[in-house]
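1. Fold the stuff below for me.
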Amino acid sequence: MKLLEVKNLTKQYNGETVALSDVNFSVQEGEFVSIIGPSGAGKSTLLRSINRMIEATSGEVTFDGVKVFDLKKKELRNLRTKIGMIFQHYNLVDRLSVIENVLHGRLGYKSTLSGVLGNYTEEEKSQAFKILNILGLDEQVYKRCDQLSGGQKQRVGIARALIQNPKMILCDEPIASLDPNASKVIMDHLRNISKEMGITILINLHQVNVALKYSDRVIGVNHGEVVFDGKPEELTPEKIHEIYGSDAGDLIIDLGGEHAG
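-> Sure thing, here's the model as predicted:
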């Protein structure tokens, strides 16, 4: 079943700079889709237009049967409870504990007053502990987030998204700040979340080999346009060159190693 449909999505800044140009694609429920492309290609703008963290200039996004751009503020808040978001730089409150940061994922379900007072149900707390356990963070529950490694912080970000009970998680360069070991842990968790929980994953990645290894489908973006949309095995060196232009040489060599292994 189609969960997300993006039609003719365009974003211009100051009426001049085109960040996205007539982008079209759809995502099935439970699919793991990677968006790849060089820096400045429009990947982040694309992801953030889906949940209206950035307002698009024109086009249409339909999520779970709802036209996202037509929603008023309160309706949009409700819709965002179904769309988790994971950020490159974690977006955690460093002075708060791991468990407090995770429970922030429930704020979309509460009144402003309940949120300010931190009124969470026992069921919500129990769910938070369960998710942290799955992500291997049970020993960090009461630690302040500024005491954690980058990989641990990103797992807290995943837990915060999961406690929303989302249908889809948008991941904006979630491994760009991490070392290879921590990156693998994060990608393995995201793949398991997609496979075992049936949650749709839409992820921005710089690393082509990572996209090939984990994705059901890859979308290649360059200069704000979709230049490739297909299965990982259809991503030829020629297609990679089309996506990355002059930067493609290193990536293709990198891929050779990945395929050879």
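
2. Only the buried residues of stretch 125-132, if you could.
-> 127-128, 131-132 (16 or more other C-beta atoms under 10 Å). C-beta here means a position set from N, CA and C on the backbone, and glycine is covered the same way.

3. Looking at those, which one is closest to G37?
-> Distances from the buried residues of stretch 125-132 to G37 were compared by C-beta to C-beta; the smallest belongs to I131, at 31.1 Å.

4. tell me what the helix or strand where the closest one lies is packed against?
-> Using DSSP states H and E, the secondary-structure element containing I131 is helix 122-134. For helix 122-134, the contact count by 3 or more C-beta pairs under 8 Å, 6 or more residues apart in numbering; DSSP states H and E identifies helix 98-103, helix 150-162 as packing neighbours.

5. right, and the ones you listed - which one's nearest K239?
-> The closest approach between K239 and any of the helices and strands packed on helix 122-134, judged by C-beta to C-beta, belongs to helix 150-162 at 29.2 Å.

6. Return the next helix or strand after the closest one as PDB; C-alpha atoms alone will do.
-> Using DSSP H and E, the helix or strand that directly follows helix 150-162 along the chain is strand 168-172. As requested, C-alpha coordinates have been extracted for strand 168-172 and formatted as PDB (Å, rounded to 0.1, in the frame of the first residue of the first chain):
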ATOM      1  CA  MET A 168       7.200   6.500   8.900                       C
ATOM      2  CA  ILE A 169      10.600   7.800  10.100                       C
ATOM      3  CA  LEU A 170      12.500  10.500   8.200                       C
ATOM      4  CA  CYS A 171      16.200  10.200   8.800                       C
ATOM      5  CA  ASP A 172      18.300  13.300   7.800                       C
END
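
7. which of the residues in the next helix or strand after strand 168-172 are buried?
-> Taking DSSP H and E as the definition, the helix or strand that follows strand 168-172 towards the C-terminus is helix 180-197. Of the residues in helix 180-197, those with enough neighbours to count as buried (16+ other C-beta under 10 Å) are 182-187, 189-190, 193-194.

8. So what's the residue count around R217?
-> Residue crowding around R217 was assessed by other C-beta atoms under 10 Å; the count is 18.

9. Now it: closest residue in space that isn't a chain neighbour?
-> Distances taken as C-beta to C-beta, 6 or more residues apart in numbering put V33 closest to R217, at 4.8 Å, once the chain neighbours are dropped.

10. Contact partners for that neighbour?
-> 27, 200-203, 215-219 (C-beta atoms under 8 Å, 6 or more residues apart in numbering).

11. secondary structure element for it?
-> Under the criterion DSSP H and E, the helix or strand holding V33 is strand 32-36.

12. and whatever helix or strand comes next after that strand, what other elements does it pack with?
-> Tracing the chain past strand 32-36, the next element assigned as helix or strand by DSSP H and E is helix 43-50. Secondary structure elements in contact with helix 43-50, counted by 3+ C-beta pairs under 8 Å, 6+ apart, are strand 2-13, strand 17-28, strand 32-36, strand 58-63, strand 168-172, strand 200-205.

13. you'd agree I83 is up against M53?
-> No - I83 lies out of contact with M53 (C-beta atoms under 8 Å); the separation is 10.1 Å.

14. and the two? which has more neighbours close in?
-> With neighbours defined as other C-beta under 10 Å, I83 and M53 compare such that I83 has more, 23 against 14.

15. can you list the domain ranges for this structure.
-> Split into domains by automatic domain parsing, the chain comes to 2-82+166-260, 92-165.

16. centre of the chain versus the first one, how much separation?
-> Put simply, domain 2-82+166-260 sits 8 Å off its chain's centre (C-alpha atoms, centre = their mean, to the nearest Å).

17. Okay then, goodbye and thanks.
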